[in-house]
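[1] have a look at this prediction, sequence included:
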Amino acid sequence: MIWVALLSVALATPLAKAGPDLSDARVRLATQLDVLDTMLENGMAEQALAMIGEMNKQGAKDARIDIAKGRAMHQRGLHHDAERVLRVVTKRYPGQADGWAQLGVVLADGGQVDEAVTSLKRAARLAPRDADIANNLGFVLLAQGDAAGAAEVLREALQLEPASTRTRNNLGFALVRLDRYDEAMETFRAAAGEESDARYNFGAACEAAGDRAAAITAYERAISIAPGHPRAIPALSRILKETSP
């Protein structure tokens, strides 16, 4: 397994000054958790679950292992199993913000938006300076229909992580819902590298908000700027078919 290989290399050079001291259980756990996080960031959910199984066999117990397990299950589409694991985590470790945060993501993907908002609000109270938690809370508030609340939370998330393109785009969607189109367009411009992409994202936000006329105009503008735009062209074709008599 990948993680075994990584740990074997580290154990082979215990005197190396730059390497972690894996004879210390806390250092070993931290190293394993870093490897798990890297796997999950790269979509290697199956390998992560295998690693977690081996860790459990060795007697490793930590809330972060169970949270990683729920995250890996979620990536594999095992939503009910992920929810079950994460509910146990939040009951057993109620002060662990990441548990509530990951549960909120799983609940949102399962359509349980109100519960997702409750879970992510709990996470945000426990970790008020976590930009990812704030962004996800803003996203689910928007899904719940609270555009004003979403915009407020997303602005706070941007203060914590100004470079987050994802948060700026989410804020743009919230601003469109609030009919603040000019501000939304500037937000999409700040997030996108190209004007055509900003126009496309604005169009998608308008379409999501039910303003098809504005969406069509935005998609057409994106295509006029970048004639081969890979997302605006099919989006415009689809929406024109849906609006034709």
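    That came in fine, so what should we check first?

[2] quick one: residue 125 from residue 107, how far?
    In this view, residue 125 and residue 107 are 17 Å apart by Cβ to Cβ, to the nearest Å. Heads up, the C-betas are built off the backbone N, CA and C, glycines and all.

[3] higher neighbour count, these two?
    Set side by side, residue 125 and residue 107 give different neighbour counts by other Cβ atoms under 10 Å, the larger being at residue 107 (24 against 11).

[4] contacts only, for the more buried one.
    If a contact means Cβ atoms under 8 Å, 6 or more residues apart in numbering, then residue 107 has 83, 113, 115-116, 119 as its contacts.

[5] state the distance from it to residue 87.
    Computed as Cβ to Cβ, the residue 107 to residue 87 distance reads 10 Å.

[6] can you give me the strands for this protein?
    Ranges of strands in the chain, per DSSP state E: none exist.

[7] tell me the domain ranges of it?
    When the chain is parsed into structural domains using automatic domain parsing, the resulting residue ranges are 41-128, 129-191, 196-245.

[8] out of these, which is the most enclosed?
    Highest mean neighbour count among these (mean count of other Cβ atoms under 10 Å): domain 129-191, with a mean of 20.

[9] if we can go back for a sec, which one of the contacts of residue 107 is nearest residue 65?
    For residue 65, the nearest member of those is residue 83. The distance, counting by Cβ to Cβ, is 17.2 Å.

[10] right, and the closest one touches residue 105 too?
    No. Judged on Cβ atoms under 8 Å, residue 83 makes no contact with residue 105 at a distance of 10.4 Å.

[11] rewinding a little: including distance to residue 31 and mean pLDDT, could the domains of the chain go into CSV?
    Below are the domains of the chain laid out as CSV (distance: least, Cβ to Cβ, whole Å; pLDDT from 0 to 100):
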stretch, distance to residue 31, mean pLDDT
domain 41-128, 11, 96
domain 129-191, 22, 97
domain 196-245, 39, 95
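
[12] now distance to residue 25 too, for these, in TSV please.
    Putting these into TSV (distance: least, Cβ to Cβ, whole Å) gives the following:
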stretch	distance to residue 25
domain 41-128	9
domain 129-191	27
domain 196-245	47
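
[13] longest helix anywhere in this structure?
    helix 25-41 (DSSP state H).

[14] can I get the CA coordinates of that one in PDB?
    The C-alpha coordinates for helix 25-41 follow below in PDB (Å, rounded to 0.1, in the frame of the first residue of the first chain):
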ATOM      1  CA  ALA A  25       3.000   7.600  18.500                       C
ATOM      2  CA  ARG A  26       1.800  11.200  18.100                       C
ATOM      3  CA  VAL A  27       4.200  12.000  15.300                       C
ATOM      4  CA  ARG A  28       3.400   8.700  13.600                       C
ATOM      5  CA  LEU A  29      -0.400   9.500  13.800                       C
ATOM      6  CA  ALA A  30       0.200  13.000  12.500                       C
ATOM      7  CA  THR A  31       2.200  11.600   9.500                       C
ATOM      8  CA  GLN A  32      -0.500   9.000   8.800                       C
ATOM      9  CA  LEU A  33      -3.200  11.700   8.900                       C
ATOM     10  CA  ASP A  34      -1.200  13.800   6.500                       C
ATOM     11  CA  VAL A  35      -0.900  10.900   4.100                       C
ATOM     12  CA  LEU A  36      -4.700  10.300   4.400                       C
ATOM     13  CA  ASP A  37      -5.400  13.900   3.700                       C
ATOM     14  CA  THR A  38      -3.200  13.900   0.600                       C
ATOM     15  CA  MET A  39      -5.000  10.700  -0.700                       C
ATOM     16  CA  LEU A  40      -8.400  12.300  -0.200                       C
ATOM     17  CA  GLU A  41      -7.300  15.600  -1.800                       C
END
